[in-house]
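J.: From the sequence below, what's the structure:
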Amino acid sequence: MIHVALLDDHPAVLAGLRRLVDSEHDLTVLAAASSAAELAKALDGMRPDVVVLDHDLRRGAGLSHCRRIKDRAEPPGVIVYSAYAGPALDLAARAAGADAVIDKAAPVAELSMTIRQVAGGPAAGAPPLPRHAYEDAVARLDDEDLPILAMLLDGMRQDAIGEALRIPRTEVAWRVQRIIGRIQPRIRARRRHQVARLSAGWKP
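T.: Residues are numbered from 1 along each chain as shown. A predicted model of the protein is given here:
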């Protein structure tokens, strides 16, 4: 059985996600919450195999939380579930350490399949990022942050980045959060039809 934790600040989406995941014979929801603090409390020490979290968590804070999860010892897999999927989010999510990005408009079967794949361990190799997405991200950053972005995209943890650049971990941490904040897509209005679809447990 694959144990899943869900994090989304929209109650209807969270309820819909829980129904959809629990309907799969080999998946079960350990906990579901609207904030990172609530999720930690609900898990109460239990370790999920995969965390599915919303990118638009308190105006984009989902990726920052993803990075914190992936810098823990033996972290779970993380799937970013977003209405804003695309090359820009793919790049920002990779910098945050996410294992996958799924569009909320994608068929439910795609989410279930991705949960199983992520639970199985790291993929053999991530697909190449479009050059324009990388160039757009670089244009938003200070020159001093470019080496850190490159290391994040290579999958390095914050402690390893600090050692490589000989800077304190606390400085690495705030610079990583600054990088993620600058390169992630700008938040637009939520797609109401996606919220309604998940709330109703719709399947294609």
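
J.: Quick check: bridge partners of the spatially most central residue of the chain?
T.: The structure's the chain has its C-alpha centroid closest to Val80; by C-alpha atoms, centre = their mean the separation is 3.2 Å. With beta bridges defined as DSSP bridges, Val80 has these partners: Leu53, Val101.

J.: From Leu63, how far out is it?
T.: Using C-beta to C-beta, to the nearest Å, Val80 is found at 7 Å from Leu63. Quick note: C-beta positions are derived from backbone N, CA and C, even for glycine.

J.: what sits in contact with each of these two?
T.: His55, Ala93, Ala96, Ala98 (C-beta atoms under 8 Å, 6 or more residues apart in numbering).

J.: residues near the second one, how many?
T.: Residues near Ala93, counting by other C-beta atoms under 10 Å, number 25.

J.: confidence score at the residue of the chain positioned farthest from its centre?
T.: Distance to the chain centre peaks in the chain at Arg166, reaching 27.7 Å (criterion: C-alpha atoms, centre = their mean). Arg166 is assigned a predicted lDDT (pLDDT) of 94.

J.: Torsion angles phi and psi at Val50?
T.: Note on Val50: its backbone torsions stand at phi -140, psi 140 [degrees, to the nearest 10].

J.: what's near enough to touch the closest residue to it other than its chain neighbours?
T.: Taking C-beta to C-beta, 6 or more residues apart in numbering, and ignoring the residues beside it in sequence, Val50 has Gly77 as its nearest neighbour in space, at 4.4 Å. By C-beta under 8 Å, 6+ apart, Gly77 lies in contact with Asp49, Val50, Val51, Asp99, Ala100, Val118, Ala119.

J.: As a markdown table, the shared contacts of Val80 and Leu63 with secondary structure, distance to Asp145 and pLDDT would be great.
T.: Putting the shared contacts of Val80 and Leu63 into a markdown table (DSSP: H, G, I helix; E, B strand; the rest coil; distance: C-beta to C-beta, whole Å; pLDDT from 0 to 100) gives the following:
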| residue | secondary structure | distance to Asp145 | pLDDT |
| --- | --- | --- | --- |
| His55 | coil | 21 | 86 |
| Ala93 | helix | 17 | 94 |
| Ala96 | coil | 14 | 95 |
| Ala98 | coil | 19 | 95 |
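
J.: Give me the buried subset of those.
T.: Neighbour counting by 16 or more other C-beta atoms under 10 Å classes His55, Ala93, Ala96, Ala98 among the shared contacts of Val80 and Leu63 as buried.

J.: What are the contacting residues of stretch 38-54?
T.: Stretch 38-54 is touched from outside by 2-10, 13, 17, 21, 30-33, 62, 65-66, 69, 76-82, 111, 115, 118-119, with contacts defined as C-beta under 8 Å, 6+ apart.
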